[in-house]
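Colleague: Here you go, sequence then predicted model.
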Amino acid sequence: MKSMAMKRTKTNRAITHWATAAVVAAMTLALPAFGADSPALPDEITQGNVRYISGGVGEQSAAAFKQAAAKYPLELLFAQKASPNDVYLAGVKVTVRDRAGKVVLDAVTEGPYLLATMPAGRYQIEASHEGVAKTQAVEIGSGKHQRLVMVWTARSEAEKPVTGGAKP
């Protein structure tokens, strides 16, 4: 009788073990479906000693960039004053120069955020949108996070630069 009870216990343990393994496997396979709503950050781009990512279009992508920002020494955010609501900008041309004036980053943003990792030092950030450039200095220190928000004022159609074609 005792050997029969031992066989049942071993069989029950084996069934429990396989059932647990099946549940774990099913959950592992289902995880990508749960994470599908949270967009992944884009791959980092490298220019010399600078690694960066850009994007943040849409609420979920913006949330992912906000969460990742603390991991990068430099966070740039681009916006424009507009009526009735301010708007985030994409397509901003960004040039970063080191203390010697050497260009260490030259990029066009894919969204309102640009997060960058670069060596410690003093840098000049120039960002240009619709022909209007803004410049700001920043000091990047070891383990220190810098956040710069660059805001443009909305311009009327008459103020916008003419690009190509005949002038009216």
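Modeller: Right, received. Where do you want to start?
Colleague: Contacts for stretch 71-91, please.
Modeller: Contact partners of stretch 71-91, identified using Cβ atoms under 8 Å, 6 or more residues apart in numbering, comprise 52, 56-57, 62, 69, 92, 94, 108-118, 120, 123, 125, 127, 129, 138, 140-141, 144-154. Heads up, the C-betas are built off the backbone N, CA and C, glycines and all.
Colleague: Tell me the buried residues in it?
Modeller: Tyr72, Pro73, Leu74, Glu75, Leu76, Leu77, Phe78, Ala79, Gln80, Tyr88, Leu89, Ala90 (16 or more other Cβ atoms under 10 Å).
Colleague: Most widely separated two among these?
Modeller: Pro73 and Gln80 (25.4 Å; Cβ to Cβ).
Colleague: Identify, from the buried residues of stretch 71-91, the entry nearest to Ala133.
Modeller: For the buried residues of stretch 71-91, the residue nearest Ala133 by Cβ to Cβ is Phe78; the value is 12.4 Å.
Colleague: List the strands paired with the one helix or strand that closest one maps to, with their directions.
Modeller: Of the helices and strands defined by DSSP states H and E, Phe78 is found in strand 74-81. When pairing is defined by DSSP bridges, strand 74-81 lines up against strand 87-88 (antiparallel), strand 113-117 (antiparallel), strand 146-153 (parallel).
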